[in-house]
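> generate a structure from the sequence data that follows.
(one chain, ligands or ions: 1)
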Amino acid sequence: MKQRVMASRDISTSPLFMGLDFSTQGLKATLIDATGQLVAETAMQFDEDLPEFKTKGGVHHHAHGLIVTAPPLMWVAALDLLLARMQKENLPLAKVTAISGSGQQHGSVYLRHSARAQLKALDSRLTLRDQLRDMFAFDAAPVWMDSSTSKQCRERDIALGGAQAVAELTGSRSYERFTGNQIAKLYQQHPDAYTATGHIALVSSFAASLLIGNYAPIEPGDGAGMNLMNIHTGHWDPAALRCTAPGLKKRLGPIVPSHKVIGHLSRYFTDRYGFAPQTDVIAFSGDNPNSLAALGLARSGDIAISLGTSDTVFGALSAPKPSATEGHIFGNPINPQSYMALICYKNGSLTREAVRNEFARGSWKTFEAALARTPSGNGGRIGFYFKEPEITPPVLKPGIHRFGPDDRRERFTPAQNVRAVVEGQYLSMRLHGNNIGLIPQKILATGGASVNKSLLQVMADVFGTRVYVSSQPNSAALGAAYRALHGWHCARARRFVPFAKVIQPTASFTPSAEPDRATHRLYTALLTRYAHLEKQVVS
Ligand code: XUL
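Down below sits the predicted model:
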């Protein structure tokens, strides 16, 4: 268990705001005060704290390598476990005025017709897990790491007029992990389970449903990750629903603005954990939209790179240009008039770790020493490391592809492998970021691996821009807490209040790496070869 209490001031009198982050590997709660200052955070890990669910990294990889799911009952159990810990730590839960949250994007939870009644009738003397274990019509929730719906993606493309048409309508072309394609697969392969489903939730809206004791609506940040929402209107698109499964609209419920109060905390939580009655719950969103909120990214050119289980590159955009070749356009959770652009890599931290384990004796120190020992540009060597099927560029078959300076396949020394994985990841981010309009003036690095200075130096050199870091590395829970505070202000004012009037997150960023101009030129020259070799690897 991890629990930190930060504030020295008397937190028992100030109103508090809570952000919950249901990430792939664990659940975290962040408490802030009314000025946005971090007060406390508590976290748990699914593998370690709930070993009976037998997950690895919070998920189950199935024998057919493309299928990746998580048991939704584990998320239910995690919520009680985390809140009990917070209560044990004497955190003043009665002062929590509003709660919002975050979920790994795209994952889907299939609830039985009886689930709403179960949520409404929770008994605070019993655990959520004991009361809700039979609420699922399908007890394996497909998550964002799943790549098993290529057939359904092609069917969507055909039904909606091609990949570019799907991108222009929904903000992204058909992606295997996007919820609409997962729903189509479930409907086709398990029609009985689909018939038994009364409500389909995202991980985020499922978590919010537990809190309000009712089905929670979806908002446009996370809703855009389904290939079902019209990105321009923020409503479900009838044709996109039609080509997915019958009777879908009533199973999905409405889409509401991200800052909306969707209900009050149910009696289960007030009675069991001492939260105040009438605690507002603000719509939950995806982890990436919440990370954007945590950084308060408003200006085009302010780009964030999050180094986590998945690596992501994202920023705000006022005029979206959805692309069939890469990236996504989502709703912006802190500004209903704006959008966010995002590029996602499945091969993030776990792949860097796999390279560290194989080529740097499992030690980050040895990994950094290898980076320091090898020249920038790796003597013209370029590597592609796909431990998992990749999203950007689309690669279904895991594998490693290494090329020498003459573009021929080559064996690398251990140190060259270390440099190649880091340089390759950033070259890819620069290449694909450019294509979707994410051209950085400055980069904010976040996520677990952003504490690693040598990784940030390569990042600064590849992009040729200064890299900043935050003292608060894991940002989705913080972003959700900011959104709780923001949503509460909007509700009190009875109108949308600009996010920047409530919080200015960028204050906590400090410069961490300066680009070296000559090294940047070298990477710019490598980029053309990188793009060319990537085409070869993908085809
Ligand atoms: C975004 C994506 C991942 C997940 C899990 O499209 O698939 O970033 O949200 O972090």
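> can you list the weak-confidence ranges in the stretch 1-150 of the chain?
1-13 (pLDDT under 70).
> can you pull out the helices in it?
Assigned by DSSP state H, counting those that start in this stretch, the helices in the stretch 1-150 of the chain fall at 46-49, 72-88, 115-120, 128-132, 150-160.
> and the stretch 401-539 of the chain, by the same measure?
Under the criterion DSSP H, counting those that start in this stretch, helices of the stretch 401-539 of the chain are mapped to 414-435, 453-463, 476-493, 499-502, 517-538.
> dump those to a markdown table, plus distance to Leu38, mean pLDDT and mean neighbour count.
Glycine gets a C-beta too; all of them are placed from N, C-alpha and C. A markdown table is the format used below for these (distance: least, CB to CB, whole Å; pLDDT from 0 to 100; neighbours: other CB atoms under 10 Å):
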| stretch | distance to Leu38 | mean pLDDT | mean neighbour count |
| --- | --- | --- | --- |
| helix 414-435 | 28 | 96 | 22 |
| helix 453-463 | 22 | 95 | 21 |
| helix 476-493 | 7 | 97 | 26 |
| helix 499-502 | 15 | 92 | 17 |
| helix 517-538 | 34 | 97 | 15 |
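> the ligand: which of those helices is closest?
Within the helices of the stretch 401-539 of the chain, the stretch nearest the ligand is helix 476-493; the backing value is 8.2 Å (CB to the nearest ligand atom).
> tell me which other helices or strands that closest one touches.
Applying 3 or more CB pairs under 8 Å, 6 or more residues apart in numbering; DSSP states H and E, one finds that helix 476-493 contacts strand 16-22, strand 26-33, strand 96-103, strand 261-264, strand 280-282, helix 287-295, helix 499-502.
> the second one near the ligand at all?
In this case it means strand 26-33. No: figure legend: strand 26-33 not in contact with the ligand (CB under 6 Å from any ligand atom); closest approach 12.1 Å.
> with adjacent residues omitted, what lies nearest to Glu534?
In space, and not counting its chain neighbours, Glu534 is closest to Pro393: 5.8 Å by CB to CB, 6 or more residues apart in numbering.
> name the SS class of that neighbour, please.
Put simply, Pro393 is coil when judged by DSSP: H, G, I helix; E, B strand; the rest coil.
> burial count for it?
Using other CB atoms under 10 Å, Pro393 has 18 other residues around it.
> hmm, Gln28 is touching Thr42, no?
If you look again at residue 28, you'll see it is Lys, not Gln. Yes: at 7.1 Å, Lys28 counts as touching Thr42 under the criterion of CB atoms under 8 Å.
> any shared contact partners between the two?
Shared contacts of Lys28 and Thr42 (CB atoms under 8 Å, 6 or more residues apart in numbering): Leu82.
> ok, now how distant is Leu82 from the ligand?
Going from Leu82 to the ligand by CB to the nearest ligand atom, to the nearest Å gives 19 Å.
> would TSV of the helices of the stretch 1-150 of the chain with mean neighbour count be doable?
TSV is the format used below for those (neighbours: other CB atoms under 10 Å):
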stretch	mean neighbour count
helix 46-49	18
helix 72-88	20
helix 115-120	17
helix 128-132	17
helix 150-160	18
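> JSON lines for the ones you listed, including distance to Met18?
Shown next, in JSON lines, are the helices of the stretch 1-150 of the chain (distance: least, CB to CB, whole Å):
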{"stretch": "helix 46-49", "distance to Met18": "19"}
{"stretch": "helix 72-88", "distance to Met18": "9"}
{"stretch": "helix 115-120", "distance to Met18": "20"}
{"stretch": "helix 128-132", "distance to Met18": "17"}
{"stretch": "helix 150-160", "distance to Met18": "37"}
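> wait, which of those helices is closest to Gly447?
With CB to CB as the measure, helix 46-49 is the member of the helices of the stretch 1-150 of the chain nearest Gly447 (18.3 Å).
> what helices and strands are in contact with the closest one?
On a contact count with 3+ CB pairs under 8 Å, 6+ apart, helix 46-49 meets strand 26-33, helix 72-88.
> quick revisit: could you dump the helices of the stretch 401-539 of the chain to TSV with distance to Thr170?
Converted to TSV, the helices of the stretch 401-539 of the chain look like this (distance: least, CB to CB, whole Å):
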stretch	distance to Thr170
helix 414-435	18
helix 453-463	29
helix 476-493	23
helix 499-502	25
helix 517-538	23
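> and those helices: which comes nearest Ser205?
Ser205 lies closest, by CB to CB, to one member of the helices of the stretch 401-539 of the chain: helix 476-493, at 13.2 Å.
> who in the stretch 101-250 of the chain is up against the ligand?
So far as CB under 6 Å from any ligand atom goes, the stretch 101-250 of the chain lies against the ligand at 104-106, 144, 177, 225.
> the same query, at a cut-off of 5 Å, please.
104-105, 144 (CB under 5 Å from any ligand atom).
> which one of those is nearest Pro505?
Closest approach to Pro505 among these (CB to CB): Gln105, at 20.7 Å.
> got the contact list for that closest one?
Counted by CB under 8 Å, 6+ apart, Gln105 has contacts 144, 202-204, 222, 225, 286-288.
> residue contacts, Glu514?
Contacts for Glu514 (CB under 8 Å, 6+ apart) come out as 460, 466.
> phi, psi for it please.
Main-chain dihedrals, Glu514, degrees, to the nearest 10: phi -100, psi 140.
> quickly list what Thr446 is bridged to.
Note on Thr446: beta-bridge partners by DSSP bridges are Ser306.
> surely it and Asp311 touch.
No: look at Thr446 against Asp311 with CB under 8 Å: they stay out of range, at 10.7 Å.
> so what sits against both of those two?
Ile305.
> Gln45: neighbouring residues, count only.
Using other CB under 10 Å, Gln45 is surrounded by 19 other residues.
> check contacts around it.
When contacts are counted by CB under 8 Å, 6+ apart, Gln45 touches 25-26, 58.
> just the buried ones from these, in PyMOL syntax?
The PyMOL selection below is limited to those of the contacts of Gln45 classed as buried (16 or more other CB atoms under 10 Å):
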select buried, resi 25+26+58
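> nearest to Gly253 among the contacts of Gln45?
For those, the residue nearest Gly253 by CB to CB is Gly58; the value is 25.8 Å.
> thought the closest one was touching Leu27?
No: counting by CB under 8 Å, Gly58 does not reach Leu27; the two are 9.5 Å apart.
> what is in contact with the two at once?
The contact sets of Gly58 and Leu27 overlap at Phe46 (CB under 8 Å, 6+ apart).
> for Ala224, give me the pLDDT.
On the pLDDT scale, Ala224 is placed at 98.
> what's the closest non-adjacent residue to it?
The spatially closest residue to Ala224, leaving aside those adjacent along the chain, is Phe330, at 4.0 Å (CB to CB, 6+ apart).
> again, but for Thr279
Leu265 is the one closest to Thr279 (CB to CB, 6+ apart), at 4.0 Å.
> for Tyr426, which of the helices and strands packed on helix 46-49 is the nearest?
strand 26-33 (26.7 Å).
> neighbouring strands of that closest one in the sheet, and parallel or not?
Here strand 26-33 is paired, per DSSP bridges, with strand 16-22 (antiparallel), strand 38-45 (antiparallel).
> count the neighbours of Phe275 for me.
If you count neighbours by other CB under 10 Å, Phe275 ends up with 25.
> just say helix, strand or coil for it.
Following three-state DSSP, Phe275 is assigned to coil.
> list the contacts of it.
Phe275 sits next to 93-94, 96, 265, 269 when contact means CB under 8 Å, 6+ apart.
> list buried members of these by neighbour count.
Using 16+ other CB under 10 Å as the threshold, 93, 96, 265, 269 are the buried ones among the contacts of Phe275.
> gap between the residue lying farthest from the centre of the chain and Leu533?
When each C-alpha in the chain is compared with the mean C-alpha position (CA atoms, centre = their mean), Asp406 comes out farthest, at 37.7 Å. To Leu533, Asp406 is 11 Å away according to CB to CB, to the nearest Å.
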